[in-house]
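> with the input below, show me the fold.
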Amino acid sequence: MKRLHLVVIAALALTATVAEGQQRIASAVQPVAAPVVVLPRDASRASAMPDAAPAALKDAPAGGFASSGFAQFMSSPTGRVLRVVAGVGMIAGGISMDSNGGTVLAAVGAVPLSAGLFDICWLSPIFGGPLKGKDIRAAKS
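You can find the predicted model right below:
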């Protein structure tokens, strides 16, 4: 029973920290100016992207990760419910294991649970997309 209390307290602390972090990030993020490319006069019509650029950069979709099918599904109502159910299942499974591994599983379950409840995607910023689900849905191509 003591472990259950610790996991619940940790999950509540994490969700409060997430909400505070979102507000802090939103107020701290400032637009970044695009780099300026200076071309010689005779190359004024040349492409600003060199030929040696990786193919992944040239072929990347305009919306990036946010416009991918995976991101669109996970930000949809069905994807949010799936994340909440997965988080609750991981927490319940971790509590039922009654071991150190179970405690870790229950703590890790707070990640998809918080993502589903607060309509955010923890993986999107890692891949260059927005954090908020609303912004991901708006990037639909």
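> only C-alpha atoms from now on, for both contacts and neighbour counts.
Fine.
> just for the protein, where's the confidence low?
In the predicted model of the chain, residues 1-63, 141 satisfy pLDDT under 70.
> that one: strands as residue ranges?
Read by DSSP state E, the chain holds no strands at all.
> not counting its neighbours along the chain, what's nearest F73?
Excluding the flanking residues, the one nearest F73 by Cα to Cα, 6 or more residues apart in numbering is G79, at 5.6 Å.
> now the one you found: how far from G89?
Distance of G79 to G89, computed by Cα to Cα, to the nearest Å: 15 Å.
> any idea how far the residue nearest to F73 lies from L117?
Distance of G79 to L117, given as Cα to Cα: 11 Å.
> ok, now which ones touch the residue lying closest to I120 once chain neighbours are set aside?
Of all residues not flanking I120 in the chain, K132 sits nearest, at 4.5 Å (Cα to Cα, 6+ apart). Counting by Cα atoms under 8 Å, 6 or more residues apart in numbering, K132 makes contact with D119, I120, C121.
> just to revisit the earlier point, between G79 and L117, which is the more surrounded one?
Taking other Cα atoms under 10 Å, G79 and L117 do not tie; G79 has more neighbours (17 against 13).
> quick check, the more buried one in contact with G69.
No: counting by Cα atoms under 8 Å, G79 sits too far from G69 to count as a contact (11.5 Å).
> what about V108, how many residues close to it?
Other residues close to V108 by other Cα under 10 Å number 16.
> can you tell me how far it is from G101?
V108 is 10 Å from G101, where distance means Cα to Cα.
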